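Participant: Structure of the sequence below:
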Amino acid sequence: MSDPRHKVETISKFPKGDIYDEYDPEDNPDKFDYLKAKYIFRFPFTITSLKWGLALGSIFGVHNYIKTSITHYQI
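Facilitator: This is a model prediction of the structure:
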């Protein structure tokens, strides 16, 4: 009968070239440079989109809270 630990070891191995294989944080510091604020907020409608997203998310969140609290008291 085969050892079940061997199956787990073969399944959980990371493929060659994965981010966990020989990871070096100093490898390429400009790799995620596009996530800086000067690149994200360079478009004129980015802040408008964030405002709309927060407003609609808040409305849906309040609606969901009210809906669940009303049905909770009706039962």
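
Participant: which stretches of this protein form strands?
Facilitator: Here the chain has no strands by DSSP state E.

Participant: what about the longest helix along the chain, average pLDDT?
Facilitator: In the chain, taking DSSP state H as the definition, the longest helix is helix 46-74. For helix 46-74, the mean pLDDT works out to 88.

Participant: buried ones in that helix?
Facilitator: Of the residues in helix 46-74, none is buried under the neighbour-count criterion (16 or more other Cβ atoms under 10 Å). Placement of C-beta: from N, CA and C, glycine included.

Participant: Begin at 776 from now on, thanks
Facilitator: Got it, first residue is 776 now, which makes that one helix 821-849.

Participant: other SSEs contacting it?
Facilitator: Secondary structure elements in contact with helix 821-849, counted by 3 or more Cβ pairs under 8 Å, 6 or more residues apart in numbering; DSSP states H and E, are absent; no helix or strand qualifies.

Participant: Show residues contacting stretch 837-848.
Facilitator: Counting by Cβ atoms under 8 Å, 6 or more residues apart in numbering, stretch 837-848 has no neighbours from elsewhere in the structure.

Participant: do stretch 810-819 as well
Facilitator: Under Cβ under 8 Å, 6+ apart, the answer for stretch 810-819 is 808, 821, 822.

Participant: can you check stretch 820-835 too?
Facilitator: Under Cβ under 8 Å, 6+ apart, the answer for stretch 820-835 is 815, 816.

Participant: With just CA atoms, put it into PDB.
Facilitator: The C-alpha atoms that make up stretch 820-835 are tabulated as PDB, following Å, rounded to 0.1, in the frame of the first residue of the first chain:
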ATOM      1  CA  PHE A 820     -12.500  59.700 -14.000                       C
ATOM      2  CA  THR A 821     -10.600  57.500 -11.600                       C
ATOM      3  CA  ILE A 822     -11.700  59.500  -8.500                       C
ATOM      4  CA  THR A 823     -15.300  59.800  -9.900                       C
ATOM      5  CA  SER A 824     -15.400  56.000 -10.400                       C
ATOM      6  CA  LEU A 825     -14.200  55.400  -6.800                       C
ATOM      7  CA  LYS A 826     -16.800  57.800  -5.500                       C
ATOM      8  CA  TRP A 827     -19.600  56.100  -7.400                       C
ATOM      9  CA  GLY A 828     -18.300  52.700  -6.300                       C
ATOM     10  CA  LEU A 829     -18.300  53.700  -2.600                       C
ATOM     11  CA  ALA A 830     -21.700  55.400  -2.900                       C
ATOM     12  CA  LEU A 831     -23.400  52.400  -4.600                       C
ATOM     13  CA  GLY A 832     -21.600  49.900  -2.300                       C
ATOM     14  CA  SER A 833     -22.900  51.800   0.700                       C
ATOM     15  CA  ILE A 834     -26.400  51.900  -0.700                       C
ATOM     16  CA  PHE A 835     -26.400  48.200  -1.400                       C
END
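
Participant: Much appreciated, bye for now.
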